[in-house]
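Trainee: pasted the sequence and its predicted model underneath.
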Amino acid sequence: MRFGLVTVAVCLISIDGFAEVVRGPVLHASTDGMMTISWDTEKELVGEVSYGDAGTQEIAAEDTPGTHHIITLTNLEPNKQYRFQIGGEEGANSGGTFRAGAVGDFPYRFTVSGDTRTQAFFHRVVIDRVLAARPDLHMNTGDLVSSGEESDDWDVFFLTEVDLLRHIPFLPVIGNHDKDENTFYDEIWCLPGVRDNPLYFSLKYANSLFLVLDYGEIGDGTTQQDIWVAGQLQDAKIDPEIRHIFPAYHVPPVSSGPHGNDDNEHMLGNLHQKFVEAGVKVVFNGHDHDYERSFYDGIYYVVAGAGGAPQGGNMATPAPNPQEYSQVFAFEFSFAQIDVDGDLLTLSAYNMDGDLIDRIEIP
Ligand SMILES: [Fe+2]
């Protein structure tokens, strides 16, 4: 299955004359006024990005030749739609579109799926559905690949998501399968301007603050990440632009899925209390390969982990570990969609047939 997918994708790339690009282009979620684009080429060259709208064109170029290219565009107009091409000495050879990081109460949509490792066919079907929803931002709740140290796994991931990654800025959350090496944010993903620490970071987008955390560093209030989260929430409290805070970490504190019996109660201690005090409405998790909306002590905990990874033959069967806080549970390949409009959040979820499996308005 995996070999077949790679072969087909490489053939398509060759036919279109894009043979030089072996990964990407990838849009990395960026804050207002910036956009970071990366891609990889077979041979060393000085990469460049030309970008603009129908009436303008600018060029940003690297200083030195290489095969892994990272260019951060700056001084972009917030909320504005841009198109771009990547290239080098031999001209442009791929491209896409993006909206520069939104600011203020700009209504926007983001989508969430996770656990995309393995089963590239299902992964691709879900991603096609995500693309059709035309989000402004896409988050993966972790376990992007089976083994973060295997370059082949990343090749399959980038081929499977190639059309999404060149149009929708991507927000990655680290999972247990991704963190075999600490290369996740250092070599694969780059979020300049928003990353203060190795495995957790924040992103301000429109009227929202995304808090992307390392599940392994959630403690009783004393870990470096705990202290950082408290500071982020304190800053958000006095920022008049922030109406929503969206924390995300891979392992869910409450779940009816196969990991529902794991001992994760500590995640409902200090961290949860901090979220309650900060007015958090929704937290996003993955790890279990299903969709679930739970409501615990005033906060919706959403597991969006049905992005392609195996479901162990459990499809269409009841939840294996039903828990009292669960409101919706589905063993279906799926993604979550959140529409943000002022104070109002509309949370929806769709399966891979495009059928609505959950919707709730959260004022
Ligand atoms: Fe996981």
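Mentor: Received the coordinates, thanks.
Trainee: CA atoms for contacts and neighbours, from now on please.
Mentor: OK.
Trainee: quick one: contacts for residue 114?
Mentor: Contact analysis of residue 114 by C-alpha atoms under 8 Å, 6 or more residues apart in numbering lists 139-144, 286-287, 289, 304-308.
Trainee: kindly provide the distance from it to residue 177.
Mentor: Distance of residue 114 to residue 177, computed by C-alpha to C-alpha, to the nearest Å: 12 Å.
Trainee: so what sits against both of the two?
Mentor: With C-alpha under 8 Å, 6+ apart, residue 114 and residue 177 have common neighbours 143-144.
Trainee: not counting its neighbours along the chain, what's nearest residue 174?
Mentor: residue 142 (4.8 Å; C-alpha to C-alpha, 6 or more residues apart in numbering).
Trainee: next, count neighbours for the one you found.
Mentor: 30 (other C-alpha atoms under 10 Å).
Trainee: that one in helix, strand or coil?
Mentor: Classification of residue 142 by DSSP: H, G, I helix; E, B strand; the rest coil places it in coil.
Trainee: right, and it touches residue 289 too?
Mentor: No. Assessed by C-alpha atoms under 8 Å, residue 142 is found out of contact with residue 289, at 10.9 Å.
Trainee: and stretch 241-261, how far apart are its ends?
Mentor: First-to-last residue span, stretch 241-261, C-alpha to C-alpha: 39 Å.
Trainee: whoops, I mixed them up, stretch 227-247
Mentor: Counting by C-alpha to C-alpha, you get 15 Å between the two ends of stretch 227-247.
Trainee: could you do stretch 142-157 as well?
Mentor: End to end - C-alpha to C-alpha - stretch 142-157 spans 13 Å.
Trainee: care to break the protein down by domain?
Mentor: Using automatic domain parsing, the domain parsing of the chain gives 2-99, 108-362.
Trainee: least reliable of those domains by average pLDDT, please.
Mentor: The minimum mean pLDDT among these belongs to domain 2-99 (a mean of 80).
Trainee: roughly how far is it from the heart of the chain?
Mentor: Centroid separation for domain 2-99 versus its chain: 19 Å, with C-alpha atoms, centre = their mean, to the nearest Å.
Trainee: which stretches of the stretch 1-150 of the chain form helices?
Mentor: Remark: helices assigned in the stretch 1-150 of the chain by DSSP state H, counting those that start in this stretch are 2-15, 120-132.
Trainee: any buried residues in the last one, and which?
Mentor: Taking 16 or more other C-alpha atoms under 10 Å as the basis for neighbour counts, the residues of helix 120-132 that come out buried are 120, 122-131.
Trainee: just give me the residue right at the centre of the chain.
Mentor: residue 139 (2.1 Å; C-alpha atoms, centre = their mean).
Trainee: one step back: which neighbours do residue 142 and residue 289 have in common?
Mentor: Counting by C-alpha under 8 Å, 6+ apart, the common neighbours of residue 142 and residue 289 are 114-115.
Trainee: export stretch 64-72 to CSV, keeping only CA atoms.
Mentor: Extracted in CSV, the C-alpha atoms of stretch 64-72 (Å, rounded to 0.1, in the frame of the first residue of the first chain):
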residue,chain,number,x,y,z
THR,A,64,23.1,30.0,0.5
PRO,A,65,22.4,26.8,-1.5
GLY,A,66,20.9,23.7,0.2
THR,A,67,18.4,21.0,-0.2
HIS,A,68,16.1,21.9,2.8
HIS,A,69,14.7,25.3,2.2
ILE,A,70,13.0,27.5,4.8
ILE,A,71,11.9,31.0,3.9
THR,A,72,9.8,33.3,6.2
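Trainee: buried stuff in the one helix or strand residue 156 maps to?
Mentor: With secondary structure defined by DSSP states H and E, residue 156 is part of helix 151-160. The neighbour-count check on helix 151-160 (16+ other C-alpha under 10 Å) flags 153-154, 156-160 as buried.
Trainee: dump the residue contacts of residue 161.
Mentor: 124, 127.
Trainee: contacts for the following helix or strand past the helix holding residue 156 next, please.
Mentor: Note on helix 151-160: by DSSP H and E, the next helix or strand toward the C-terminus is helix 162-165. Contacts to helix 162-165, defined as C-alpha under 8 Å, 6+ apart, come from residues 23-27, 127-128, 131.
Trainee: kindly reformat those as CSV containing distance to residue 73.
Mentor: Formatted as CSV, these follow (distance: C-alpha to C-alpha, whole Å):
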residue, distance to residue 73
23, 19
24, 16
25, 14
26, 13
27, 11
127, 26
128, 27
131, 23
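Trainee: which residues touch residue 61?
Mentor: Neighbouring residues of residue 61 by C-alpha under 8 Å, 6+ apart: 46-49, 71.
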